[in-house]
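Trainee: I would like to see how this sequence folds:
(chains A and B)
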Amino acid sequence: MADRELTFEIFRYNPAKPEIKPRMQTYKLKETTGMTIFVALNMIREEQDPSLMFDFVCRAAICGSCAMIINGRPRLACKTLTSTLPRTIKLFPLPVFKLIGDLSVDTGTWFRHLSIRTESWVHTSKTFDPTKEEERMDNKIALEIYEAERCIECGCCIAGCATANIRDEFLGAAGINRVARFMVDPRDERTPEEYFEVVGSEEGAFGCMGLMACDDNCPMELPLQMQLAFVRRKIASIGLGIKQEKKIKMGIG
Amino acid sequence: MLQRTLSKSNKTDLYLDLVELASGLILVGFLWTHMLFVATILISPETFNSLSEFLDTYYLSYIGIPFVVVVALMHFVIAGRRIPTRMQEQRIIWQHAKMLRHTDTWTWVFQAITGMAILVLASIHVWLVVTGWPIRDFTSAQRMEAFWWFYLVLLLVGEYHAGFGIYRQFVKWGWFPRKPISYVSKAITAVILVLGLAAMVVFVQLGGTL
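Mentor: Have a look, this model is predicted:
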């Protein structure tokens, strides 16, 4: 595998230079052992085309900034080995998000908007006392929160979701997963009815059509199908007036 | 934004989702039962006729058919709200499915298409049945001999839509893990298809001997 010559067909467009129309540009590169798309893109930029735009920070599938469409599927460039792909590799930027240039998109604005809409902070009436010992949490609940918190906000689930591609207001799997995270947190004092307000609509839990491309394309392998279904069932029972415990408990994992 | 906020009813989306679920489950239940009833022709024409007469005697056909028609129309309107109506949105969905090469996305696209096809074909089917009332082996055989190609298409699109529809609802509501429910719905669909095709063959043969 390592002696292959790879052909990269990369989407090129810079919104700051609209006079140059969007196009595909071809680059050739010799494959090396253990090469990832991220490594290949850096080599292309260093050796062939310094104008090529793409994002990266951590190189270790933690920051989520190098997500892009790799041969049709949303993937992290740093986690995708070229050896798993055919000789010709097509790269596009993630859809849905604002294009910065070439393969670089702005996921930050979208996720910030999501955080505001879902009010992604612990709603509590308690006053924080920095001198007091931190409140202890049941280990099982801590693990459930951690499971949802593993989302790195790369945007792969949003890019893979047909609904998110046509409906601007849809929260998508990342958003519903975020709501699930706070539903589980015992420190969050929001009532079930308040959660219904956040996610009980077509823009939230009831907008999901069950295509499951989010679950199948999540680079972190988050249990998104389970999270979406859990929130849908819970929110539906709140809407139907089925008596809820004050705090919503979730059975993840 | 103001209009959206003012017109928002906080429970509507929930009720629509529940009606979509309930109507879908009723229709899948009906379709599978219907195909089992049709398949009684494989036992004998007498069994088929006595079942049909039983349904008529107790007015089950007269209540059941209008009920199913109403539920089907309701399902079409409510589940159909998901289908993009604008040409640009349809193009996005089509390109998205082609790009992603993701099975569940493609099956949904074809579910939307088969849903439209069922609306037209099932309406014709109901019309043919009602105008040729009552349902007996010879009336069905005549219809099947003349329009076997029509019923072949209706059987395929109907079973496809029902099989993937019930799978998708189970996935959305998370009642079972994806893989097992996928195998179960595919297995039931395969059995129903085989029964339906076998019944068609028998009806076409019966039609030839009339």
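Trainee: please name the nearest non-neighbouring residue to A:Ile44.
Mentor: Spatial nearest neighbour of A:Ile44, chain neighbours left out: A:Tyr27 (5.0 Å); criterion: Cβ to Cβ, 6 or more residues apart in numbering or on different chains. All C-beta atoms are positioned from the backbone trio N, CA, C, and that covers glycine.
Trainee: packing partners of the helix or strand containing the one you found?
Mentor: Per DSSP states H and E: A:Tyr27 is located in strand A:23-30. Secondary-structure packing of strand A:23-30 (3 or more Cβ pairs under 8 Å, 6 or more residues apart in numbering or on different chains; DSSP states H and E): strand A:5-12, helix A:37-47.
Trainee: which residue lies nearest the spatial centre of chain B?
Mentor: For chain B, B:Gly158 is the residue whose C-alpha lies nearest the centre (Cα atoms, centre = their mean; 4.2 Å).
Trainee: what parts of chain A come near chain B?
Mentor: Within chain A, the positions near chain B by Cβ under 8 Å from any Cβ of the partner chain are A:69, A:72-73, A:92, A:95, A:160, A:162, A:165-166, A:196-197, A:200-202, A:206-213, A:216-217, A:225-226, A:228-230, A:232-233, A:235-236, A:239-240.
Trainee: only the buried subset of those, as a PyMOL command please.
Mentor: Entered in PyMOL, the line below selects the buried ones among the residues of chain A next to chain B, by 16 or more other Cβ atoms under 10 Å in any protein chain shown:
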select buried, chain A and resi 69+73+92+95+160+162+165+166+196+200+201+202+206+207+208+209+210+211+212+213+216+217+225+226+228+229+230+232+235+236+239
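Trainee: following the chain onward from the host helix or strand of A:Ile69, which element is next?
Mentor: Per DSSP H and E, A:Ile69 falls inside strand A:67-70. As assigned by DSSP H and E, the chain's next helix or strand after strand A:67-70 is strand A:73-76.
Trainee: pick out the residue of the stretch 101-250 of chain A closest to chain B.
Mentor: Closest contact between the stretch 101-250 of chain A and chain B, by Cβ to the nearest Cβ, is at A:Ala229 (2.3 Å).
Trainee: the helix or strand hosting that residue packs against which elements?
Mentor: Assigned by DSSP H and E, A:Ala229 belongs to helix A:224-239. Here helix A:224-239 touches helix A:172-184, helix A:192-199, helix A:213-217, helix B:12-38, helix B:137-173, going by 3+ Cβ pairs under 8 Å, 6+ apart.
Trainee: assign the residue of chain A most remote from its centre to helix, strand or coil.
Mentor: Seen from the C-alpha centroid of chain A, the residue lying at the greatest distance (Cα atoms, centre = their mean) is A:Thr131, 36.1 Å away. Classification of A:Thr131 using DSSP: H, G, I helix; E, B strand; the rest coil returns coil.
Trainee: so what's it up against?
Mentor: By Cβ atoms under 8 Å, 6 or more residues apart in numbering or on different chains, the contact list for A:Thr131 is empty.
Trainee: let me know the pLDDT of it.
Mentor: We note a pLDDT of 94 for A:Thr131 in this prediction.
Trainee: now do the one 4 residues further on
Mentor: The predicted local distance difference test score for A:Glu135 is 85.
Trainee: any idea how far it is from A:Arg75?
Mentor: 39 Å (Cβ to Cβ, to the nearest Å).
Trainee: neighbour count winner among the two?
Mentor: Set side by side, A:Glu135 and A:Arg75 give different neighbour counts by other Cβ atoms under 10 Å in any protein chain shown, the larger being at A:Arg75 (24 against 8).
Trainee: wait, that one touches A:Asp216, no?
Mentor: No: counting by Cβ atoms under 8 Å, A:Arg75 does not reach A:Asp216; the two are 11.6 Å apart.
Trainee: can you tell me the closest non-neighbouring residue to the residue in chain B that chain A sits nearest to?
Mentor: Nearest residue of chain B to chain A: B:Gly174, at 2.3 Å (Cβ to the nearest Cβ). For B:Gly174, ignoring the flanking residues on the chain, the nearest one in space by Cβ to Cβ, 6+ apart is A:Ala229 at 2.3 Å.
Trainee: what residues of stretch B:80-90 count as buried?
Mentor: For stretch B:80-90, burial by neighbour count (16+ other Cβ under 10 Å) applies to B:82-84.
Trainee: check which helix or strand covers the closest residue to A:Asn71 other than its chain neighbours.
Mentor: Distance criterion Cβ to Cβ, 6+ apart; nearest residue to A:Asn71, sequence neighbours excluded, is A:Lys90 at 5.6 Å. Using DSSP H and E, the element containing A:Lys90 is strand A:88-92.
Trainee: packing partners for the host helix or strand of B:Thr107?
Mentor: Using DSSP H and E, B:Thr107 maps to helix B:103-131. Contact analysis of helix B:103-131 by 3+ Cβ pairs under 8 Å, 6+ apart lists helix A:213-217, helix B:60-80, helix B:87-100, helix B:137-173 as its packing neighbours.
Trainee: what angle sits between that helix and helix B:12-38?
Mentor: Helix B:103-131 and helix B:12-38 meet at an angle of 60 degrees, taking axes from the mean of the first three to the mean of the last three Cα atoms, to 10 degrees as the criterion.
Trainee: flag the shaky bits of the chain, pLDDT-wise.
Mentor: By default, I'm working from chain A. A:1-2, A:245-253 (pLDDT under 70).
Trainee: let me rephrase: I mean chain B.
Mentor: Residue ranges of chain B with pLDDT under 70: B:1, B:4-9, B:210.
Trainee: turn the helices and strands packed on strand A:23-30 into a markdown table, columns for mean neighbour count.
Mentor: Output for the helices and strands packed on strand A:23-30, formatted as a markdown table (neighbours: other Cβ atoms under 10 Å in any protein chain shown):
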| stretch | mean neighbour count |
| --- | --- |
| strand A:5-12 | 17 |
| helix A:37-47 | 18 |
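Trainee: format those as TSV; extra columns: distance to B:Leu55.
Mentor: Formatted as TSV, the helices and strands packed on strand A:23-30 follow (distance: least, Cβ to Cβ, whole Å):
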stretch	distance to B:Leu55
strand A:5-12	60
helix A:37-47	62
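Trainee: so which of these is nearest B:Trp94?
Mentor: strand A:5-12 (19.0 Å; Cβ to Cβ).
Trainee: hmm, who's touching the closest one?
Mentor: A:22-31, A:40, A:44, A:52, A:82, A:87-93, A:102-103.
Trainee: hang on, the earlier thing: can you list the strands that the strand holding A:Tyr27 pairs with?
Mentor: Partner strands and pairing direction for strand A:23-30 (DSSP bridges) are strand A:5-12 (antiparallel).
Trainee: got the residues of chain B near chain A?
Mentor: So far as Cβ under 8 Å from any Cβ goes, chain B lies against chain A at B:8, B:10-11, B:13-14, B:16-18, B:82, B:84, B:89, B:92-93, B:96-97, B:99-102, B:104-105, B:108, B:168-169, B:171-175, B:178.
Trainee: who are the contact partners of B:Met144?
Mentor: With Cβ under 8 Å, 6+ apart, B:Met144 has these contacts: B:151, B:200, B:203-204, B:206-207.
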